[in-house]
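A.B. asks: Predicted model, plus sequence, below.
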Amino acid sequence: MTDPSASGTPAVPEAPALRLGARTSPLARAQVDLVAAMLAAHGVGSSFVGVTTTGDVDPRLLTEIGGTGVFASAVRDALRVDKIDCAVHSLKDLPTAAEADLEVISVPAREDVRDVLVGSTLADLPDGARVGTGAPRRAMQLQDWARSQGRSIEVVPVRGNVDTRIDLARGGGLDAVVLAGAGLRRLGYLSDAAVELSGSDKRDTVVRSLPAEVLDEDLMLPAPGQGALALEVSRSLGGAARAAVLLLDDPVAHTEIRAERAFLATLEAGCTAPVGVRARVVGRRGNAVDLTMRAVVERTLLDTLSVTTKSLPPVRVDVSGSTTDPARLGADLARSVLAQLSDEGRRRAGPAPARHDGAQ
Ligand SMILES: NCc1[nH]cc(CCC(=O)O)c1CC(=O)O
């Protein structure tokens, strides 16, 4: 990370020193450092401008603060008043609605998209284990896994930055917590070594000296956009500054998040919704990409379903195809979920039963 006074002359003299804005949490800082290093590799200097957001100072659960984008809005305001040239967001925290004056122009290569259980491996979780997460998506999938294994898990709502949550699994009364692997890796907290144990290949995964397990996507689909950064600028940003930010775009990551976010937007759900989805670019033919998509959605997503369905397994859907418009594939997949849910809702409500009893 370069500070403006220490950044010196950029290797490309005409390239601007970009002011990168983000939250001041350790993870947001690490993400800005990463972007600064990518820019530096292209000879572009940068500086960090920290922004305090409502999400950082409000101690309530994110699902209670309500609305989406509590982390993003203050950083966006810094773009609007020209305090920064480029916002560095965790893409999964960014609302899907487009902003009239701002645009995400670059999505760098994705970090690990998977979630990680920290504090215990799955196999070592005791029955009735207390597992901390504030994300309905993670709670839904943990409970679905427990149900399929004939085990029980108590999901405990938690929040706080990454360190706070890890500490809850270190004598904080919880057996484990679930965190995004991307955040843990960016902070340098996750070590994941292959070890040979009696001929079989196992992994010895450790997070800040606690046992951990990277959760397979079959068990835990990520949040839309998880593991990706969004580089957002003003629509009026031009010239060398815009060109420098565009250098960091990764077409594979950008394609995947277009499909995932279209899925979320079509469900009209936000970043705290019980929705997991993963799009994966598996090939490319001319203008078209081959995409596979899998998603999991809680059955209570539509109001037409009664809360008693909460104990039912979530809806799982998948699709694959060759497309020039990844957002359409994501939207189509969401519509198939909505059709399935409203069908079930109608069946559950049923036609009004004909009454022959006692009506004289
Ligand atoms: N909601 C907080 C948040 N936003 C982005 C990340 C991690 C980085 C990423 O997923 O890209 C995290 C922490 C977490 O979920 O454990």
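C.D. replies: Good, I have the coordinates.
A.B. asks: Show the backbone phi and psi for whichever residue of the stretch 251-360 of the chain sits closest to the ligand.
C.D. replies: Among residues of the stretch 251-360 of the chain, the one nearest the ligand by CB to the nearest ligand atom turns out to be residue 271. It sits 7.3 Å away. Just so you know, the C-beta spots here come from the backbone N, C-alpha and C atoms, and that holds for glycine as well. Reported as degrees, to the nearest 10, the phi and psi values for residue 271 are phi -70, psi -10.
A.B. asks: hey, what's the closest residue to the ligand within the stretch 1-150 of the chain bridged with?
C.D. replies: The ligand sits closest to residue 90 of the stretch 1-150 of the chain, with a gap of 3.4 Å, by CB to the nearest ligand atom. Assessed by DSSP bridges, residue 90 has beta-bridge partners residue 229.
A.B. asks: Contact residues of the stretch 1-150 of the chain facing the ligand?
C.D. replies: 90, 92-93 (CB under 6 Å from any ligand atom).
A.B. asks: Can you check those and name whichever has the most neighbours?
C.D. replies: Scoring those on neighbours with other CB atoms under 10 Å, the highest-scoring entry is residue 90 at 26 neighbours.
A.B. asks: Tell me if I'm right that that residue and residue 232 touch.
C.D. replies: No - Residue 90 is not in contact with residue 232 according to CB atoms under 8 Å; the separation is 11.6 Å.
A.B. asks: Grab the nearest non-local neighbour of residue 117.
C.D. replies: With sequence-adjacent residues excluded and distances taken as CB to CB, 6 or more residues apart in numbering, residue 117 is closest to residue 213, at 4.7 Å.
A.B. asks: Could you verify that the one you found is part of a strand?
C.D. replies: Yes - Residue 213 sits within a strand when classified using DSSP: H, G, I helix; E, B strand; the rest coil.
A.B. asks: What ranges does the stretch 1-150 of the chain have for its helices?
C.D. replies: According to DSSP state H, counting those that start in this stretch, the stretch 1-150 of the chain carries its helices in the segments 26-41, 54-57, 62-65, 72-80, 136-149.
A.B. asks: go on, the stretch 251-360 of the chain?
C.D. replies: According to DSSP H, counting those that start in this stretch, the helices that the stretch 251-360 of the chain contains are 251-266, 326-349.
A.B. asks: now the shortest one, how far from the centre of its chain.
C.D. replies: Its chain's C-alpha centre and that of helix 251-266 lie 12 Å apart, by CA atoms, centre = their mean, to the nearest Å.
A.B. asks: tilt between that helix and helix 326-349?
C.D. replies: Put simply, helix 251-266 runs at 30 degrees to helix 326-349, going by axes from the mean of the first three to the mean of the last three CA atoms, to 10 degrees.
A.B. asks: In space, what's closest to residue 335 - neighbours in sequence excluded?
C.D. replies: Excluding the flanking residues, the one nearest residue 335 by CB to CB, 6+ apart is residue 266, at 6.4 Å.
A.B. asks: Could you tell me what pLDDT the model assigned to the one you found?
C.D. replies: Residue-level confidence at residue 266 comes out at 95, pLDDT.
A.B. asks: start at 47 instead
C.D. replies: Okay, residue one is now 47; in that scheme the one you just asked about reads as residue 312.
A.B. asks: That one and residue 375 touch, don't they?
C.D. replies: No - taking CB under 8 Å as the definition, residue 312 is not a contact partner of residue 375, at 10.9 Å.
A.B. asks: one step back: now render the helices of the stretch 47-196 of the chain as TSV, adding mean neighbour count and mean pLDDT.
C.D. replies: What follows is those, written out as TSV (neighbours: other CB atoms under 10 Å; pLDDT from 0 to 100):
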stretch	mean neighbour count	mean pLDDT
helix 72-87	19	97
helix 100-103	14	60
helix 108-111	15	54
helix 118-126	19	93
helix 182-195	20	95
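A.B. asks: Out of those, the one nearest residue 229 is which?
C.D. replies: Comparing the helices of the stretch 47-196 of the chain against residue 229 with CB to CB, the closest turns out to be helix 72-87 (5.1 Å).
A.B. asks: What lies in contact with the closest one?
C.D. replies: Outside helix 72-87, the residues within contact range by CB atoms under 8 Å, 6 or more residues apart in numbering are 47-48, 64, 66, 68, 91-92, 94, 96, 132, 134, 136, 154, 207-209, 229, 232-234, 275, 277, 290, 293-294.
A.B. asks: Could you list the buried residues of stretch 152-168?
C.D. replies: The neighbour-count criterion (16 or more other CB atoms under 10 Å) identifies 152-154, 156-166, 168 as the buried residues of stretch 152-168.
A.B. asks: For these, name the two members farthest from one another.
C.D. replies: Distances among the buried residues of stretch 152-168 were taken as CB to CB; the most separated pair is 152 and 166, at 37.4 Å.
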